[in-house]
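>>> Give the three-dimensional model of this entry:
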Amino acid sequence: MVKFFRSLSSRGLFILAVSSLAGAPLTALGLYQVFRTSREIATGVRVQGVVLRTELTDGGYFPLIRFEAPGQGIMRFTDRSGSYQQEFQEGQPVEVLYPQYEPEKARVFTPLRFWFAPLVMTSAGVLPLLLGVLTAWFTERKNRGSKG
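Coordinates of the predicted model:
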């Protein structure tokens, strides 16, 4: 791999620089979100909740959840993640996750709700990096073929 980078022409280096400038910030932000999400899941408190109703707003359907936080009593919250189709039914049990000692920051716990944004952000950053490496490789390969 080091040999590949050392053999790049100025055109190949330019392609890599542009793709790195486009992809590195998104990749870093996505990896930070992955770290934060994994820490939130590992240290959070999980309890069972129940859907009281689903509220329809301009932004979609948002479930109103009731759960009991040990030592805090009965809590209610409207989940901050909505959907365009009704995802939950009244009376449906759901898993709730909240930071220890902060039940007011509760969220409905599903893998998709927690991992979607971090994975999309990381992928959006890795894609330009990968495309840049492939473009530089094919460009250099084509240039070497036309010189020989």
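
>>> C-alpha from now on. contacts and neighbour counts both.
Noted.

>>> Arg107 and Arg76: what is the separation?
11 Å (Cα to Cα, to the nearest Å).

>>> same deal with Leu127?
Distance from Leu127 to Arg76, by Cα to Cα: 40 Å.

>>> Ile41 too?
Counting by Cα to Cα - Ile41 and Arg76 are separated by 20 Å.

>>> which of the residues in the lengthiest strand in the chain are buried?
When the chain is parsed with DSSP state E, its longest strand is strand 45-57. By 16 or more other Cα atoms under 10 Å, the buried positions in strand 45-57 come out as 45-54.

>>> What of stretch 30-44?
So, applying 16+ other Cα under 10 Å, buried residues of stretch 30-44: 30-31, 33-34, 37, 40-41, 44.

>>> next one: stretch 70-88
Going by 16+ other Cα under 10 Å, stretch 70-88 has these buried residues: 76-79, 82, 88.

>>> Now tabulate those in CSV and tack on pLDDT and secondary structure.
Formatted as CSV, the entries for the buried residues of stretch 70-88 read as follows, by pLDDT from 0 to 100; DSSP: H, G, I helix; E, B strand; the rest coil:
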residue, pLDDT, secondary structure
Arg76, 96, strand
Phe77, 96, strand
Thr78, 94, strand
Asp79, 92, coil
Gly82, 85, coil
Phe88, 93, coil
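
>>> Just the closest of these to Ser19, please.
The shortest approach to Ser19 among the buried residues of stretch 70-88 belongs to Gly82, at 33.3 Å (Cα to Cα).
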